[in-house]
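> no sequence on hand, only this structure:
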């Protein structure tokens with residue numbers, strides 16, 4: 001199996017696991033911080049790009065790496081922000097968004 005496909009699978013697995021963990025294991029912390037919506041946004045972008053990575057893995061594996069970095073930076077910063085309530089992490093989030101956009105631009109340019 002191609003490494004990019006495996007990475008996409010791991011990203012999907014983590015997205016589902018983190019979604020469930022936020023809904024159940026972190027429910028009280030997210031409520032106390034009033035950050036449940038932030039966690040949900042992180043999960044949404046995480047899962048969308050994990051699924052898109054499965055498509056990209058067989059066509060343009062470089063896109064998988066860009067979207068994985070985007071998940072780590074965008075969703076990762078939001079996950080940490082939601083748990084810790086350190087709002088300054090929101091300044092890092094747009095870097096991950098730019099990585100997502102870069103991947104989508106490559107879809108337009110490279111993919112059949």
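Now that the structure is in, tell me what you want to look at. As the structure is a prediction and not an experimental result, all values here were calculated from the model.
> and for residue 70, nearest residue in space, chain neighbours not counted?
residue 99 (3.4 Å; CB to CB, 6 or more residues apart in numbering). (Each C-beta comes from the backbone N, C-alpha and C, glycine too.)
> average pLDDT across the helix or strand hosting the one you found?
Assigned by DSSP states H and E, residue 99 belongs to helix 93-110. The pLDDT scores in helix 93-110 average 96.
> same for it, what does it pack against?
helix 36-57, helix 61-70, helix 76-84 (3 or more CB pairs under 8 Å, 6 or more residues apart in numbering; DSSP states H and E).
> residues contacting it, please?
45, 49, 52, 56, 59-60, 62-63, 66-67, 69-78, 81 (CB atoms under 8 Å, 6 or more residues apart in numbering).
> one more pass at 7 Å, please.
49, 56, 60, 62-63, 66-67, 69-70, 73-75, 77-78 (CB atoms under 7 Å, 6 or more residues apart in numbering).
> show me which of those are buried.
49, 56, 60, 63, 66-67, 69-70, 73-75, 77-78 (16 or more other CB atoms under 10 Å).
> where are the low-confidence patches of the chain?
Flagging of the chain using pLDDT under 70 yields the residue ranges 1, 111-112.
> can you count the residues close to the closest residue to residue 85 other than its chain neighbours?
The shortest distance from residue 85 to any non-neighbouring residue, by CB to CB, 6+ apart, is to residue 33 (4.3 Å). Residue neighbour count, defined by other CB atoms under 10 Å, stands at 17 for residue 33.
> likewise for residue 87?
10.
> residues contacting it?
residue 81.
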